[in-house]
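K.L.:
Have a look; sequence and predicted model below, questions after that.
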Amino acid sequence: MPSLELRPNGSYYCPDDPGEWGPASAPRVSITDEEGAFLAWVARGRKVLEIGTGVGVSTRYLAQPGSVVLTLDPSEWVRETVWPTLPENVATCTDRQQVGSGFDVAFIDGDHHHSAFIEDVAFCRDRMNVGGVIVAHDATLLGLGPPWMVVLTVHGLGLLFV
């Protein structure tokens, strides 16, 4: 696992991370442990799609015993640094064409630009089982409102039931 440091708000980051958009960018910031506990509860025993592995904190929480996780991230740094350290019940991919269907839970914490987020939601929705849930990280930053339900955490978790 990459060496992680705790931020004052409870998120983690890796000081060696070149950032999401190259060397001029800030390192990726993870979920908090409180948000992770919520994700673990939602994902327990379910088939999960994660958009954006980041530093792997959310991936590990999603990968509770009995869960099957597919995490999608195009970053070379994530592929080389984070993926080799993930649990055995996590599969990885860099291309959306590699993603099947039949997911019970989707966790979105990828590109936070509005158009990219909308695209991620549509992509996940098309691959979900009826009765599934899409969870979006940074709901506060994204300004999510109805039909999303928002769980108030440090970053906010948005829930959309399919």
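P.N.:
It's in. Residues are numbered from 1 along each chain as shown.

K.L.:
so what does the lengthiest strand in the chain touch, helix or strand wise?
P.N.:
Longest strand in the chain, counting residues (DSSP state E): strand 128-137. Here strand 128-137 touches helix 33-43, strand 103-108, helix 114-125, strand 157-161, going by 3 or more CB pairs under 8 Å, 6 or more residues apart in numbering; DSSP states H and E. C-beta coordinates here come from the backbone N, C-alpha and C atoms, glycine included.

K.L.:
Could you pull out the buried residues of the last one?
P.N.:
If I follow you right, that is strand 157-161. 157-160 (16 or more other CB atoms under 10 Å).

K.L.:
got those as CSV, with distance to residue 121 and pLDDT columns?
P.N.:
Shown next, in CSV, are the buried residues of strand 157-161 (distance: CB to CB, whole Å; pLDDT from 0 to 100):
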residue, distance to residue 121, pLDDT
157, 14, 97
158, 10, 97
159, 12, 97
160, 7, 97
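
K.L.:
got CSV for those, with distance to residue 108 too?
P.N.:
Listed next are the buried residues of strand 157-161 as CSV, based on distance: CB to CB, whole Å:
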residue, distance to residue 108
157, 10
158, 9
159, 11
160, 10
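
K.L.:
Closest to residue 61 out of these?
P.N.:
Nearest to residue 61 among these, counting by CB to CB, is residue 157 at 11.9 Å.

K.L.:
show me where pLDDT drops low in the chain?
P.N.:
21-24 (pLDDT under 70).

K.L.:
can we see that at 80?
P.N.:
Scanning the chain for pLDDT under 80 picks out 1-2, 20-25.

K.L.:
Residue 89 and residue 80, how far apart?
P.N.:
Going from residue 89 to residue 80 by CB to CB, to the nearest Å gives 21 Å.

K.L.:
Compare the two (neighbour count), which wins?
P.N.:
residue 89 (14 against 9; other CB atoms under 10 Å).

K.L.:
Now the more buried one. Nearest residue, chain neighbours left out?
P.N.:
Nearest residue to residue 89 in three dimensions, chain neighbours excluded: residue 63, at 5.3 Å (CB to CB, 6 or more residues apart in numbering).
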